[in-house]
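*Asks:* I'd like to go over a predicted model; first the sequence, then the structure.
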Amino acid sequence: MKPLIGLISLLAEFSPAALVAQAANPDLARQVMAAESSFAASMARRDIIAFATHVAPDAVFYGSGGSTRGKTAVVEAWRPFFDGAAAPFSWKPETVEVLPSGSLAWSSGPVQDPSGKQIGSFNSVWRRETDGRWLVIFDKGCEVCACK
C-alpha cells in the first residue's frame, strides 16, 4: 500500500494545477521580458555587440538555411542584419513562460518589417546562467501564415 501512496503523491506533484502554481513566477517572467526587450533593442540601435551579449556560447539559431550553432557563428550569421542605418525588421516579446525550476524560459512575439507590418513571429528559449543573466539558447523565427 505504501508504494501506491508514494506514486499518488508523485503524480499529484506533477498535476497541471501543481505545475501552474509552481510556474507562476512573475519576477522571473519580468526578467526574461526585459532581456528579450533588450535583445530586440540591440537590433533597433544597430548594436551587434549588445546583441552578442544576449547569445549563449552554445546557442542554436534556426533560419531558412538551417541551424547555426555557437555564439560566434550566430553573431556572424546575423551581422548582415546590422548593416545599414535602418533595421530590416524588429521584434517584441508578447508572451513569456518560465519553468518551475526557474532555469529555462520561453518567449514569443511578432516580427515586423520597417513599416510595422507583421511578417512573422519568433520563439526563443532562454537559460538563466549561474550569475543570474538570461541568455538565448534556441531561437527560431517563422513567417506569417498566408492562410485565409
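*Replies:* Noted; the coordinates are in hand. As the structure is a computational prediction, the values presented were derived from the model and not from experiment.
*Asks:* What are the buried residues along stretch 73-88?
*Replies:* Buried residues in stretch 73-88, counting neighbours by 16 or more other CB atoms under 10 Å, are found at Val74, Val75, Trp78, Phe82, Ala87. Bear in mind the C-beta positions are built from the backbone N, C-alpha and C, glycine included.
*Asks:* List of residues touching that stretch?
*Replies:* Residues from elsewhere that reach stretch 73-88 (CB atoms under 8 Å, 6 or more residues apart in numbering): 43-44, 46-48, 51-52, 55, 59, 61, 63, 68, 89, 113-114.
*Asks:* hang on, the earlier thing: list just the nearest of the buried residues of stretch 73-88 to Trp134.
*Replies:* Val74 (16.0 Å; CB to CB).
*Asks:* so which helix or strand takes in the closest one?
*Replies:* For Val74, the element it lies in under DSSP states H and E is helix 71-78.
*Asks:* For Phe81, which three-state class applies?
*Replies:* The three-state label given to Phe81 by DSSP: H, G, I helix; E, B strand; the rest coil is helix.
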